[in-house]
Every structure is written in structure tokens, then in C-alpha cells.
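>>> Model the structure of this input:
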Amino acid sequence: MLSANESYERAAQDLEMLPGRSVSHSTQQRLVHRQELALMAASTPVEELSVDGGKVRVRTPLGHPCDWRDYKAIQLHEQCIGASFRENQLLIDWANEQPLAATLTCL
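Modelled structure (predicted):
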């Protein structure tokens, strides 16, 4: 999916270059936001998980200060990863729905 590129504008440029079709950056954004991306489920009891987070830069108009936002991610080791942007409770609920081993190591 080209929209996973650094920006919808860049995805639109790449799409026009690769197959020679023109799809605007706003159409790229609408297509992405229309998708339901469900979090995966662990298939076996989770023995280890990691919680991490970081910042992403949200594009701002030229001349305006950068806008940085927080995201969080949980990795169920050797099974799957869940991440969210400004929806911490969604991630907490998802982790609690997984089959957890009697002893769980958290990093």
C-alpha cells in the first residue's frame, strides 16, 4: 500500500510514477481512512509482552511549528503487535483480551 509511505502526497506521486495513474493525495487519505484495520489475536498463550511508545510528526503548513503526537504499541512476543494513536484504552483492552500465560513477563 503506497499510502503507508511518508505522506499521502508522496503516495500520490509514487502511484502516478509506477503504473502511470493519477490519484490525488486526498483520495489516498480517504481510501486509508475507509479501511477497517482490526488488531490481530494471539493464537497461543502470551508469555512475554513489551509496551513501547514514541512520537510522530504531524505535517503542518510551512512556517508553523512542528506538531508531535504520541503513539503506543504492545508487542506480544513471537505472535503479533498492536499499536494505537491516541487510543490507549483500546490497546489496553486488546492486550487484556489475549490468552495470557499463568506467568507473564512484561518489558
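>>> Show the pLDDT at the most centrally placed residue in the chain.
Geometric centre of the chain, nearest residue: residue 83, 5.3 Å, by C-alpha atoms, centre = their mean. Note on residue 83: pLDDT of 87.
>>> Now it. Nearest residue, chain neighbours left out?
Spatial nearest neighbour of residue 83, excluding adjacent residues (C-beta to C-beta, 6 or more residues apart in numbering): residue 73 at 4.0 Å. C-betas here are computed from N, CA, C, even on glycine.
>>> Just say helix, strand or coil for that neighbour.
Three-state assignment for residue 73 (DSSP: H, G, I helix; E, B strand; the rest coil): strand.
>>> Just the residues contacting the longest strand anywhere in the chain, thanks.
The single longest strand within the chain, with elements called by DSSP state E, is strand 46-58. If you take C-beta atoms under 8 Å, 6 or more residues apart in numbering as the criterion, strand 46-58 is touched by 66-79, 85, 95, 98-101, 103-107.
>>> ok, then the element right after the host helix or strand of the residue nearest to the centre of the chain?
Here residue 83 is covered by strand 80-85, with elements defined by DSSP states H and E. As assigned by DSSP H and E, the chain's next helix or strand after strand 80-85 is helix 88-97.
>>> Taking strand 46-58 as reference, get the angle to that next one.
Relative orientation of helix 88-97 versus strand 46-58 (axes from the mean of the first three to the mean of the last three C-alpha atoms, to 10 degrees): 160 degrees.
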